[in-house]
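> Please find the sequence and the predicted model below.
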Amino acid sequence: MYFINLAGWRENAISRFWRENAISRFWRENAISRFWRENAISRFWRENAISRFWRENAISRFWRENAISRFWRENAISRFWWEKHNFRFWRENAISRF
């Protein structure tokens with residue numbers, strides 16, 4: 001009876017070892033997979049934030065450069081118009097002065 005009890009205890013210990021090992025392996029693998037999943041999610045958000053920053057920066061840079069070029073274009077057109085009329089004013093004034 002003692003040997004049967006010892007064999008039962010040994011089988012119980014072995015099964016308990018495998019059960020605890022399986023549970024710990026489950027938690028360990030679950031923790032590792034959760035780490036990779038959360039790391040992948042955070043990496044996705046980080047890369048998405050970086051790409052969104054570059055995209056918005058490119059859009060704002062396009063609008064800023066477009067505004068600067070539009071300013072120079074309109075300024076050049078208005079400067080041409082003023083110089084042309086100013087020249088005509090001086091020419092007519094010079095002709096009338098003679």
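It's in.

> Ser69 and Glu47: what is the separation?
Using CB to CB, to the nearest Å, Ser69 is found at 32 Å from Glu47. Placement of C-beta: from N, CA and C, glycine included.

> hang on, I meant Ala76
42 Å.

> try Glu11
When distance is defined by CB to CB, Glu11 is 52 Å away from Glu47.

> Same question for Arg91.
In terms of CB to CB, Arg91 sits 65 Å off from Glu47.

> now Asn93
Counting by CB to CB, the gap from Asn93 to Glu47 is 67 Å.

> ranges for the helices of this structure?
Secondary structure of the chain by DSSP state H: the helices cover 2-97.

> Flag the shaky bits of this structure, pLDDT-wise.
Across the chain, the ranges flagged by pLDDT under 70 are 1-8, 95-98.

> switch the cut-off to 80
1-11, 13-14, 16, 23, 32, 41, 59, 68, 73-74, 76-98 (pLDDT under 80).

> Export stretch 69-84 to PDB, keeping only CA atoms.
This file holds the C-alpha atoms of stretch 69-84, laid out as PDB (Å, rounded to 0.1, in the frame of the first residue of the first chain):
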ATOM      1  CA  SER A  69       6.000  82.100 -55.100                       C
ATOM      2  CA  ARG A  70       2.500  83.600 -55.500                       C
ATOM      3  CA  PHE A  71       3.700  86.700 -53.600                       C
ATOM      4  CA  TRP A  72       6.700  87.100 -55.900                       C
ATOM      5  CA  ARG A  73       4.600  86.500 -59.000                       C
ATOM      6  CA  GLU A  74       2.000  89.000 -58.000                       C
ATOM      7  CA  ASN A  75       4.600  91.500 -56.800                       C
ATOM      8  CA  ALA A  76       6.400  91.200 -60.100                       C
ATOM      9  CA  ILE A  77       3.200  91.700 -62.000                       C
ATOM     10  CA  SER A  78       2.300  94.800 -59.900                       C
ATOM     11  CA  ARG A  79       5.800  96.100 -60.100                       C
ATOM     12  CA  PHE A  80       5.700  95.800 -63.900                       C
ATOM     13  CA  TRP A  81       2.300  97.600 -64.000                       C
ATOM     14  CA  TRP A  82       3.500 100.400 -61.800                       C
ATOM     15  CA  GLU A  83       6.800 100.900 -63.700                       C
ATOM     16  CA  LYS A  84       5.000 100.900 -67.000                       C
END
